[in-house]
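Asks: got a predicted structure plus its sequence, pasted below:
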Amino acid sequence: MPGQYRLVIESAGMQKFEGALTVQVQQSAVIDVVLKVGQTATEVQVADVTPMLTVDSPVLGHVLERERIEQLPINGRFITSLLQTVPGLEADSEYDSVGARAYCVRRGSTEFVLDGAALTDRLMGGVFRRPPGLDTIQEFKVENNNSSAKLPRPTTIIMSTKSGSNAFHGTAFETHRNNAFGKARTRTDYYERPPKLIRNEFGASAGGFSLPTEAMRNGDFRGLVDSQGRQYKIYDPWTTNPTTWERQQISYRGQPNVIDPARLSPLHIARHSRNQTVEAFLLS
């Protein structure tokens, strides 16, 4: 998953290794760590271990991070407008996703993917009907050369959304256009005063609690309360009454809203284990 990671490697009798790693969307980072024989109170710290060159994949692509998405001037709020910054990519217009293609490949040769799900509607020839809002995208990558066989099109725009948080958060934006300021005249302009053009685009986005806590990942939902501190009731689907369709609140050892560990999905446990050992996973 793209984002900032902190790597810490420790072994008995060896010096401690610590470093920062930045993983971009669609990137598999490989970090080769060599530990040295340790001494008393000896510690090695590395400021940044992000690889500057990908050596395990021939795929060529272009990544736009969140900072560039926010700062690049575009006409409108369409993420497809940012495709103009990608070398080799062209479009019939800044709002046209059907015509977006790389190196003169035919129309409809581009796929849009958001967090692993394809967004392009092939029924209408490859229309990108509902692009995600700019405020929801953390970064995106355009793969347009030597794409992996797992991707169905020659060019793929792979978008990754922002991660959630356990606090209310949001953004507000306003885009103002006024040709009375900074209007550059050209030789072909036949008028003394340019036509009036004033345009304002504004809006906001907000998010709330979207990440489970450590206790919730282990099946403990006792901390799930409303704004007044009252506990929500989580019902056990296995206790459904076939006549009244009523269910009992789930509990484990007398504790309400706690799931028996034996009933947790093995897939959930494996995924949770990978989240816990992300540092070792990145080094494999």
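Replies: Perfect, thanks for sending it.

Asks: where's Phe112, which helix or strand?
Replies: strand 110-114 (DSSP states H and E).

Asks: quick one: the helices in the stretch 151-284 of the chain?
Replies: Listed in chain order, the helices of the stretch 151-284 of the chain (DSSP state H, counting those that start in this stretch) span 214-217, 266-276, 278-283.

Asks: list the buried ones in the shortest one?
Replies: Neighbour counts using 16 or more other CB atoms under 10 Å place Arg217 of helix 214-217 among the buried residues. Using the backbone N, CA and C atoms, a C-beta is placed for each residue, glycine as well.

Asks: 36 is where my numbering starts, stick with that
Replies: All set: I'll call the first residue 36, so the last point we hit is now helix 249-252.

Asks: mind giving me the packing neighbours of it?
Replies: For helix 249-252, the contact count by 3 or more CB pairs under 8 Å, 6 or more residues apart in numbering; DSSP states H and E identifies no helix or strand as a packing neighbour.

Asks: wait, doesn't Pro296 sit right on Asn253?
Replies: Yes - at 7.5 Å, Pro296 counts as touching Asn253 under the criterion of CB atoms under 8 Å.

Asks: between those two, which has more neighbouring residues?
Replies: Ranked by neighbour count (other CB atoms under 10 Å), Pro296 and Asn253 place Asn253 first, with 16 against 11.

Asks: quick one: low-confidence parts of the stretch 36-185 of the chain?
Replies: 36, 74-82, 84, 86-87, 126-134, 159-162 (pLDDT under 70).

Asks: residue ranges for the helices of it, please.
Replies: Under DSSP H, counting those that start in this stretch, the stretch 36-185 of the chain gives helices at 101-106.

Asks: can you give me the strands for it?
Replies: 38-44, 51-58, 78-80, 95-99, 124-125, 136-137, 145-149, 152-153, 172-180 (DSSP state E, counting those that start in this stretch).

Asks: how about those strands in JSON lines, adding mean neighbour count and distance to Pro272?
Replies: Listed next are the strands of the stretch 36-185 of the chain as JSON lines, based on neighbours: other CB atoms under 10 Å; distance: least, CB to CB, whole Å:
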{"stretch": "strand 38-44", "mean neighbour count": "14", "distance to Pro272": "34"}
{"stretch": "strand 51-58", "mean neighbour count": "17", "distance to Pro272": "37"}
{"stretch": "strand 78-80", "mean neighbour count": "11", "distance to Pro272": "49"}
{"stretch": "strand 95-99", "mean neighbour count": "19", "distance to Pro272": "42"}
{"stretch": "strand 124-125", "mean neighbour count": "16", "distance to Pro272": "48"}
{"stretch": "strand 136-137", "mean neighbour count": "22", "distance to Pro272": "48"}
{"stretch": "strand 145-149", "mean neighbour count": "22", "distance to Pro272": "30"}
{"stretch": "strand 152-153", "mean neighbour count": "11", "distance to Pro272": "26"}
{"stretch": "strand 172-180", "mean neighbour count": "22", "distance to Pro272": "34"}
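
Asks: is it possible to get a markdown table of those strands that adds distance to Pro247?
Replies: Formatted as a markdown table, the strands of the stretch 36-185 of the chain follow (distance: least, CB to CB, whole Å):
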| stretch | distance to Pro247 |
| --- | --- |
| strand 38-44 | 17 |
| strand 51-58 | 22 |
| strand 78-80 | 32 |
| strand 95-99 | 29 |
| strand 124-125 | 38 |
| strand 136-137 | 39 |
| strand 145-149 | 21 |
| strand 152-153 | 21 |
| strand 172-180 | 19 |
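
Asks: so which of those gets nearest Thr210?
Replies: Thr210 sits nearest to strand 172-180 of all the strands of the stretch 36-185 of the chain, at 16.3 Å, using CB to CB.
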